[in-house]
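> from the sequence below, what's the structure:
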Amino acid sequence: MKIGIAGSFDSCDALITVIENDKLEIEIESIVENQFKDEIEKVIRTTLQALDLNKVKVICKDKGALNYTIRARLLSAIARMSDDNA
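Next up is the predicted model:
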């Protein structure tokens with residue numbers, strides 16, 4: 001099973017884990033979940049759609065990261081998953 005991880009659990013960052021899966025699953029845990037969960041999910045889904053990825057599980061543990069940070073962490077985790085955890 002391929003896994004990619006990027007980011008940190010520091011303030012204003014996100015820890016993103018991407019795991020090979022048989023379907024698309026997105027789990028979001030955020031300190032701003034009540035206000036921004038839908039926006040975080042939209043950033044993740046849009047990024048995955050652009051890459052034509054629909055068989056992964058994404059776990060996002062957010063500490064108030066901005067959209068571009070979430071996207072960058074997701075792209076890095078995907079790249080690391082593709083590189084066999086390099």
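> mind listing what's buried in the longest helix seen in the chain?
Longest helix in the chain by number of residues (criterion: DSSP state H): helix 33-50. Buried residues in helix 33-50, counted by 16 or more other Cβ atoms under 10 Å: Phe36, Ile40, Glu41, Val43, Ile44, Thr47, Leu48. For every residue, glycine as well, the C-beta is placed using N, CA and C.
> downstream of that helix, the next helix or strand is which one?
Using DSSP states H and E, the next helix or strand after helix 33-50 towards the C-terminus is strand 56-62.
> got the CA positions of the next helix or strand after that next one in CSV?
Using DSSP H and E, the next helix or strand after strand 56-62 towards the C-terminus is helix 67-82. Provided in CSV are the C-alpha atoms of helix 67-82 (Å, rounded to 0.1, in the frame of the first residue of the first chain):
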residue,chain,number,x,y,z
ASN,A,67,-5.9,27.1,1.0
TYR,A,68,-2.6,27.4,-0.9
THR,A,69,-0.8,25.6,2.0
ILE,A,70,-3.4,22.8,2.0
ARG,A,71,-3.0,22.4,-1.7
ALA,A,72,0.8,22.4,-1.6
ARG,A,73,0.8,19.8,1.2
LEU,A,74,-1.6,17.6,-0.7
LEU,A,75,0.5,17.8,-3.9
SER,A,76,3.7,17.0,-1.9
ALA,A,77,2.0,14.0,-0.2
ILE,A,78,0.8,12.7,-3.6
ALA,A,79,4.3,13.0,-5.0
ARG,A,80,5.8,11.2,-2.0
MET,A,81,3.2,8.5,-2.4
SER,A,82,4.1,8.1,-6.1
